[in-house]
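Trainee: what follows is a predicted structure for the sequence shown.
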Amino acid sequence: QVQLVESGGGLVQAGGSLRLSCAASGRTFSSRAAGWFRRAPGKEREFVATITWNGGTTYYADSVKGRFTISRDNAKNTVYLQMNSLKPEDTAVYYCATGPLASADGVEYRYWGQGTQVTVSS
């Protein structure tokens, strides 16, 4: 069993930055891939970024590539999402998830956090 708790969301002006954290409990987290997804009001959940268990490989949605960076610290059982040059269209609830594969498909992730709200004002 893995529990995930996101933090770091908030209100920021366009062009600003936020750093999301996802703290995991459970001994298996360091051997699992992790991902960030988001759901904007009235929209489907969408993939943001993912990282392999050792941090060696990362993948990003085209919409965030070059602006967002996913990273992890397995000693702290934490995965991060550094978000720069934020745009109003980045407004969403952001969720972290963990599973066996670094995938853009949410069905590959077994465990999910409760989410943290990110609001970008114009």
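Mentor: Done, it's in. Numbering: from 1, shown residues only.
Trainee: the residue positioned nearest the centre of the chain: which element?
Mentor: Among the residues of the chain, Trp36 comes closest to the average C-alpha position under CA atoms, centre = their mean, at 2.5 Å. Following DSSP states H and E, one finds Trp36 within strand 33-39.
Trainee: report the distance from that strand to the chain centre.
Mentor: 4 Å (CA atoms, centre = their mean, to the nearest Å).
Trainee: now for it, which elements pack on it?
Mentor: strand 18-25, strand 45-51, strand 68-73, strand 78-83, strand 92-99 (3 or more CB pairs under 8 Å, 6 or more residues apart in numbering; DSSP states H and E). In this view, the C-beta of every residue, glycine as well, is placed from N, C-alpha and C.
Trainee: of these, which is nearest Val12?
Mentor: strand 18-25 (5.6 Å; CB to CB).
Trainee: re earlier: turn the helices and strands packed on strand 33-39 into CSV, including mean pLDDT.
Mentor: Below are the helices and strands packed on strand 33-39 laid out as CSV (pLDDT from 0 to 100):
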stretch, mean pLDDT
strand 18-25, 97
strand 45-51, 98
strand 68-73, 98
strand 78-83, 98
strand 92-99, 97
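Trainee: got TSV for these, with distance to Thr119 too?
Mentor: TSV is the format used below for those (distance: least, CB to CB, whole Å):
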stretch	distance to Thr119
strand 18-25	10
strand 45-51	16
strand 68-73	16
strand 78-83	12
strand 92-99	9
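Trainee: as JSON lines, the ones you listed with mean neighbour count would be great.
Mentor: Listed next are those as JSON lines, based on neighbours: other CB atoms under 10 Å:
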{"stretch": "strand 18-25", "mean neighbour count": "19"}
{"stretch": "strand 45-51", "mean neighbour count": "21"}
{"stretch": "strand 68-73", "mean neighbour count": "18"}
{"stretch": "strand 78-83", "mean neighbour count": "23"}
{"stretch": "strand 92-99", "mean neighbour count": "23"}
